[in-house]
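[1] sequence and predicted structure, then a few things I'm wondering about:
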Amino acid sequence: MRIQTIILLAVTGIAIPACAPVETDSAIDLTAEAEAVNEISQSWLVSALAKDAAGIAGLFADDGVLFWENEEPVVGPVAVEAYMTRNFEENPDRVPEFGSDRIEVAASGDLAVEFGTWGPSGADADYGKYITVYRKVDGVWKVAADMSLSTRPEAETSGD
């Protein structure tokens with residue numbers, strides 16, 4: 001009986017503090033931080049419309065990663081700039097469209113996640129969803145990771 005009591009007290013001693021509310025810095029304005037992240041997202045769109053690969057690359061952290069469907073991960077601003085330059089050259093008529101559905105900022109105020117929708121217009125255009133993770137680096141929001149995927153249904157193939 002004593003061993004069971006000791007185990008119960010040990011588990012309770014661990015579980016109760018784990019359920020306590022997390023202390024947050026009341027000085028952090030999460031709404032303002034979400035607005036700042038949205039401004040970065042809008043900067044990305046402006047740069048994409050201008051086909052400004054350097055502008056997009058400048059939004060990434062040194063170890064930021066771009067994950068796009070059917071592509072290898074692109075890591076760091078230099079690689080992002082090269083990738084985006086090539087993408088703009090290969091798709092000169094593509095007009096990007098994307099926007100946030102919502103932005104969630106961690107209580108710590110140094111990490112945020114943007115959930116959004118993308119897709120150029122047109123009958124045959126692809127479209128989908130994306131998630132971008134932002135992290136504060138020296139007080140500035142930077143893209144830590146961006147991942148997008150198509151939600152367009154695959155074309156049906158004939159049974160040949």
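    Nice, I can see it. Not measured: the values here are computed from a predicted model. Numbers count the residues shown, from 1 in each chain.
[2] going forward, measure contacts between C-alpha atoms and count neighbours the same way
    Noted.
[3] average pLDDT for whatever helix or strand Lys142 lives in, rounded please.
    Counting by DSSP states H and E, the element that carries Lys142 is strand 140-150. Averaging pLDDT along strand 140-150 yields 94.
[4] just checking, what packs against that strand?
    Applying 3 or more Cα pairs under 8 Å, 6 or more residues apart in numbering; DSSP states H and E, one finds that strand 140-150 contacts helix 30-49, strand 60-68, strand 128-137.
[5] can you give me the buried ones in the last one?
    If you call a residue buried by 16 or more other Cα atoms under 10 Å, then strand 128-137 has these buried ones: 129-136.
[6] with adjacent residues omitted, what lies nearest to Phe115?
    Ile131 (4.7 Å; Cα to Cα, 6 or more residues apart in numbering).
[7] any idea what that neighbour is bridged to?
    Phe115, Met147 (DSSP bridges).
[8] what is the burial count for Ala125?
    10 (other Cα atoms under 10 Å).
[9] excluding chain neighbours, what is closest to it?
    Once flanking residues are discounted, Ala125 sits nearest to Gly119: 7.0 Å by Cα to Cα, 6+ apart.
[10] ok, the one you found touching Tyr130?
    No - if you go by Cα atoms under 8 Å, Gly119 and Tyr130 don't touch, sitting 10.4 Å apart.
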